[in-house]
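*Asks:* Sequence and predicted model, in that order:
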Amino acid sequence: MIAPGQGQVNVCSMKQRVSFGFLLEYASFIHLRQPMWPGYMLILGIETSCDETGVALFDTEKGLLSHALFSQTDMHADYGGVVPELASRDHVRKLLPLCDQVLAESGLSRSAIDGIAYTAGPGLIGALMVGGSVAHALGFALGIPVLGVHHMEGHLLAPMLEENPPAFPFVALLVSGGHTQLVRVDGIGQYQMLGESVDDAAGEAFDKTAKMLGLDYPGGPRVAALAEKGTPGRYRFPRPMTDRPGLDFSFSGLKTFTLNTVNAARQSEEGLSDQVRADIALAFETAAVDTLVIKCRRALEQTGCDRLVIAGGVSANKRLRAGLEKMATKLRAHVFYARPEFCTDNGAMIAYAGAQRMLAGQRDGERIVAVPRWPMNALPSLAEARQAGLVD
Ligand code: KG4
Ligand code: ZN
């Protein structure tokens, strides 16, 4: 994806800054569409990879200025999952009004933006195209650079928006609706995959369990709420792939076990009562969380890292956070995560990730980038991005 030597590199050395200081001031005076100081940018972030339209303004000096989100979950709930065509159409309706909203909340106009970051993948192709088209159209009209950002890198970096951000290196557990991955992170774009799910993602397992228990989409938070009323120990579910070495996951066996338990309960005298449903929800959640905790402990021990970052929708799960904190305390390690609204899809994480890469000079060419499947370890490091300057 990198086209070496084609892009404009936007980062100057200190010496260049001093010698070009006057020129830069002059450039801002005549309203050249470049930031006054090359180490600073105001980035508009756009997220439309699935069923949430997220927009945010991130200032590389002042931090997050504003963010807005429209969730389509009510629209998709009738269908029991995301309907891609409906998702794309709704992004078209919501995206520009949300862009205007974040600008109004920050008291800024479009002309203040220095660059636009949008989710380029992985995700639903139609939904990605909406964000990419709007980003490129706005970028062209305003004469500013645009960059397609990796959705999972956005999730991974979301904890950087919090008050006490993690330092590199760290181990990251990425747990969303489509991904379950353990990654060693040495810097932005320096990712070593340690393990991943060989079948269903953790969030997917939560969503499917919710369906079996008659709960609406998205299932994760609903399973967690129902589990609060469950009786501990009534059912014991397996902890898949924890009895052998390695850092890969498998959640499809756990899903089948849950289905068999639900079917057996239906045939029983008590039937699938509210209490039985809550007990099953708790047994499932405990098994899924235990499995994730065991693998995270192994990853910390294997890498020698004492920092663990959790990111993606499932990282909002309270039982998972508590389980990981308990394990990490024993290892004298620390766990980092984003506030709940930045665990699930949002524009702030895209604005932040885009800002880091655009500061390093990375930009799209003229083409909109939309990649439904995109391995995160294919991303360039910031040093490589600085050299190449352009993603196409
Ligand atoms: O990161 P995300 O918003 O979208 C993707 O990139 O996939 O993750 C959505 C997933 C869904 O599967 C949802 O059920 C799950 O995250 N989720 C949760 C919780 N909140 C969201 N799973 C368990 N507990 C939660 N509190
Ligand atoms: Zn996501």
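*Replies:* Arrived safely. Ligands and ions are numbered 1, 2, ... in the order given.
*Asks:* What helix or strand is residue 177 located in?
*Replies:* For residue 177, there is no helix or strand it lies in under DSSP states H and E.
*Asks:* give me the number of residues near it?
*Replies:* 24 (other C-beta atoms under 10 Å). Placement of C-beta: from N, CA and C, glycine included.
*Asks:* Repeat that for residue 357.
*Replies:* For residue 357, using other C-beta under 10 Å, the count is 26.
*Asks:* Could you confirm whether any residue of stretch 371-381 contacts ligand 1?
*Replies:* No. Interface with ligand 1: stretch 371-381 contributes nothing (C-beta under 6 Å from any ligand atom), its closest point being 12.3 Å away.
*Asks:* And that stretch, what's buried?
*Replies:* 371, 374, 376, 379-380 (16 or more other C-beta atoms under 10 Å).
*Asks:* what's in contact with it?
*Replies:* 1-2, 120-125, 128, 148, 150, 152-153, 156, 181, 183, 187-193, 362, 388, 391 (C-beta atoms under 8 Å, 6 or more residues apart in numbering).
*Asks:* Now do the end-to-end distance for that stretch.
*Replies:* Across stretch 371-381, the terminal residues are separated by 19 Å (C-alpha to C-alpha, to the nearest Å).
*Asks:* Quick check: mean pLDDT of it?
*Replies:* For stretch 371-381, the mean pLDDT works out to 96.
*Asks:* any idea how far it is from the chain center?
*Replies:* Put simply, stretch 371-381 sits 13 Å off its chain's centre (C-alpha atoms, centre = their mean, to the nearest Å).
*Asks:* how close does residue 58 sit to residue 387?
*Replies:* 24 Å (C-beta to C-beta, to the nearest Å).
*Asks:* between the two, who's got more neighbours?
*Replies:* residue 58 (28 against 16).
*Asks:* which ones are touching the more buried one?
*Replies:* Residue 58 touches 42-43, 45, 64-65, 348, 351-352, 354-355, counting by C-beta under 8 Å, 6+ apart.
*Asks:* can we see that at 6 Å?
*Replies:* When the contact criterion is C-beta atoms under 6 Å, 6 or more residues apart in numbering, the partners of residue 58 are 43, 64, 351-352, 355.
*Asks:* got these as a markdown table, with distance to residue 242, pLDDT and secondary structure columns?
*Replies:* Shown next, in a markdown table, are the contacts of residue 58 (distance: C-beta to C-beta, whole Å; pLDDT from 0 to 100; DSSP: H, G, I helix; E, B strand; the rest coil):
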| residue | distance to residue 242 | pLDDT | secondary structure |
| --- | --- | --- | --- |
| 43 | 41 | 98 | strand |
| 64 | 38 | 98 | strand |
| 351 | 37 | 99 | helix |
| 352 | 34 | 98 | helix |
| 355 | 38 | 98 | helix |
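*Asks:* Residue 152: which element?
*Replies:* Short version, using DSSP H and E: residue 152 is in helix 151-157.
*Asks:* for residue 191, same thing?
*Replies:* strand 190-196.
*Asks:* May I see the buried residues of the lengthiest helix in the chain?
*Replies:* Counting residues, the longest helix in the chain under DSSP state H turns out to be helix 274-303. For helix 274-303, the neighbour count (16+ other C-beta under 10 Å) marks 276-300, 302-303 as buried.
*Asks:* among these, which are in reach of ligand 2?
*Replies:* On the criterion C-beta under 5 Å from the ion, none of the entries of these sits beside ligand 2.
*Asks:* List, out of those residues, those positioned next to ligand 1.
*Replies:* Of the buried residues of helix 274-303, not one also sits near ligand 1 (C-beta under 6 Å from any ligand atom).
*Asks:* In CSV: the contacts of residue 58, plus neighbour count and distance to ligand 2.
*Replies:* Formatted as CSV, those follow (neighbours: other C-beta atoms under 10 Å; distance: C-beta to the ion, whole Å):
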residue, neighbour count, distance to ligand 2
43, 29, 19
64, 17, 18
351, 33, 15
352, 27, 14
355, 25, 18
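*Asks:* Look at the residue in the stretch 101-250 of the chain that ligand 2 sits nearest to and say how many residues are nearby.
*Replies:* Residue nearest to ligand 2 within the stretch 101-250 of the chain (C-beta to the ion): residue 176, separated by 4.5 Å. By the criterion of other C-beta under 10 Å, residue 176 has 24 neighbours.
*Asks:* now it, nearest residue through space, not along the chain?
*Replies:* residue 312 (3.4 Å; C-beta to C-beta, 6 or more residues apart in numbering).
*Asks:* Count the residues that sit near the one you found.
*Replies:* 30.
*Asks:* same deal with the one 3 residues further on?
*Replies:* Residues within reach of residue 315, counting by other C-beta under 10 Å, total 30.
*Asks:* got the contact list for the nearest residue to it once chain neighbours are set aside?
*Replies:* In this structure, residue 315 finds its nearest non-sequential neighbour in residue 343, 4.6 Å apart by C-beta to C-beta, 6+ apart. Neighbour list for residue 343: 313, 315-316 [criterion: C-beta under 6 Å, 6+ apart].
*Asks:* ok, residue 313 touching residue 203?
*Replies:* Yes. The criterion here is C-beta atoms under 6 Å, and residue 313 meets it with residue 203 at 5.2 Å.
*Asks:* Next, show the common contact partners of the two.
*Replies:* Contacts common to residue 313 and residue 203, judged by C-beta under 6 Å, 6+ apart, are 176-177.
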